[in-house]
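**Student:** got a sequence here, can you model it:
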Amino acid sequence: MKGWFDAFRNDGGPTLYSYTNRTPVTGDVHLITIFVIFCTIFTAFLIIFPGIRKERLSTFLTVTLSLFVGTSIQVAQYGSSWHTTSTTIIGSFSAFSKQRMTAEIGGYIGLMHINITYRHTPINMDVADVEYNERFFWRTPHEMKDMFKESLSQGAPFPIVSLVEYFSFHQEGFSWGSKYREAGYYASIMLWTSFASWMLMNLLLVVVPRYGAFSMIFTGFCLLFTNLIYWKLLPCEPLVAHIDGSILIFDFGWNYWLVLVAGIMCLFAGIVITAIDMIFPHQFSTILEVDYDTPYDRHVIIEESFDTRNIRRKLPKVEDSFGDRFISQLSSKLSHEKEEDTQGVINRGYVSHESSEINEESSKTNWSYPFPPAQRRAVSTS
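**Tutor:** Now for the predicted structure:
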């Protein structure tokens, strides 16, 4: 029974699978998930894009810009390349060791964490067996210090521990950790604000494209303000880390430039759409609108109302009832008689036989119908 369970074991210890499951971390799960989601949406749009017959250019540019901005916001929120550094060192793997090895070490600072990579680069063509990728969070004031102590107890490589030490102290002259945490905290708030504005932008582009352009401008301002806040809150004294005789100087990474490019593109596109809408009202449109190509489409409503106004100007007035027709004929007959005789009708008055004794002058009193434009004629009594 002794040799029955001894396969692949040394001195009774557990089996060591040296080349099957010991693989380094090569990607961030959060970033991979974000890329998969947005790429799937964009691929679905490209599949249906050949079926679009109208508003092709505006629809393609709007959808592409919207997905690019949304991806940039989420990647920058969870990414680790706001402030980065990388160099090659020749040092010991563990403390108090005389053995030296050539390795690459890099620090990748995100908004709420720092990733430190350490990879052995052998001189010969041997396979590198030392490769680390450790993440240290500073979401709370004391989390970085606790993770630094935990890395010491776990026996992390000495270069990694040396770099983490720069961020774990919160004292005068060693306050880089608190400064980076403050910059990342406020930049994260502005990124979430930009994400909310981006969602509102998509909603308004579907409902009211003009207001969607305004929201696009606001989203661009939020993204640019995120870059400004992060740059302003960085440590006044730049971090220069010395590890085993090598110097690590941090500089802006691709996450910072990605947010900057997304903000400029969003701001520029919003301004262009707003200018087009002001010069040519109601001309900007995409197939994403709710009532697009239906009887409730704003373009259809505007065209129909314009045609209706023109038709009403051309059509004669139609009488709706017999009373209207009778009044119309009567008024036309009266106007015709009025044109024939504009002098008025003379009335000599009525005198009864019983009132023969009335004064002669009173019996000769004349009156006429009150036609305003007519003038009275003199009446002779002879």
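**Student:** next helix or strand past the longest helix anywhere in the chain?
**Tutor:** In the chain, with assignment by DSSP state H, the single longest helix is helix 176-207. The element immediately downstream of helix 176-207 (helix or strand, assigned by DSSP states H and E) is helix 209-233.
**Student:** now that following helix and helix 176-207, what's the angle there?
**Tutor:** Orientation check (axes from the mean of the first three to the mean of the last three C-alpha atoms, to 10 degrees): helix 209-233 against helix 176-207 gives 170 degrees.
**Student:** average pLDDT for helix 209-233?
**Tutor:** Here helix 209-233 scores 93 as its mean pLDDT.
**Student:** for this structure, give me the ranges with low pLDDT.
**Tutor:** 1-26, 124-128, 171-173, 290-382 (pLDDT under 70).
**Student:** so where do the strands sit in it?
**Tutor:** For the chain, the strands defined by DSSP state E cover 83-91, 101-109, 113-120, 131-137, 240-243, 246-249, 251-252, 346-347, 367-368.
**Student:** what packs against the longest helix of the chain?
**Tutor:** Contacts defined by 3 or more C-beta pairs under 8 Å, 6 or more residues apart in numbering; DSSP states H and E place helix 176-207 against helix 56-78, helix 158-168, helix 209-233. C-beta coordinates here come from the backbone N, C-alpha and C atoms, glycine included.
**Student:** flag every buried residue along that helix.
**Tutor:** Neighbour-count burial for helix 176-207 flags 176-184, 187-188, 190-191, 193-195, 197-198, 200-202, 204-205 (criterion: 16 or more other C-beta atoms under 10 Å).
**Student:** stretch 115-132 now?
**Tutor:** 115-118, 120, 131-132.
**Student:** neighbouring contacts of it?
**Tutor:** Applying C-beta atoms under 8 Å, 6 or more residues apart in numbering, the external contacts of stretch 115-132 come out as 24, 80, 88, 93, 101-109, 133-136, 156-157, 159-160, 163-164.
**Student:** now the buried members of those residues.
**Tutor:** 80, 103-109, 133-134, 136, 156-157, 159-160, 163-164.
**Student:** residue 270 and residue 205, how far apart?
**Tutor:** Per C-beta to C-beta, to the nearest Å, residue 270 is found 11 Å from residue 205.
**Student:** what touches both of those two?
**Tutor:** Between them, residue 270 and residue 205 share these contacting residues under C-beta under 8 Å, 6+ apart: residue 216.
**Student:** return the residues in contact with residue 94.
**Tutor:** Contacts of residue 94 by C-beta under 8 Å, 6+ apart are 155, 157-158.
**Student:** between those residues, which is nearest residue 282?
**Tutor:** residue 157 (63.7 Å; C-beta to C-beta).
**Student:** quick check, the closest one in contact with residue 95.
**Tutor:** No: here residue 157 does not reach residue 95: they are 9.5 Å apart, not a contact under C-beta atoms under 8 Å.
**Student:** any idea how far residue 63 is from residue 48?
**Tutor:** From residue 48 to residue 63 the distance is 10 Å (C-beta to C-beta).
**Student:** quick one, which of these two is more surrounded?
**Tutor:** residue 63 (20 against 9; other C-beta atoms under 10 Å).
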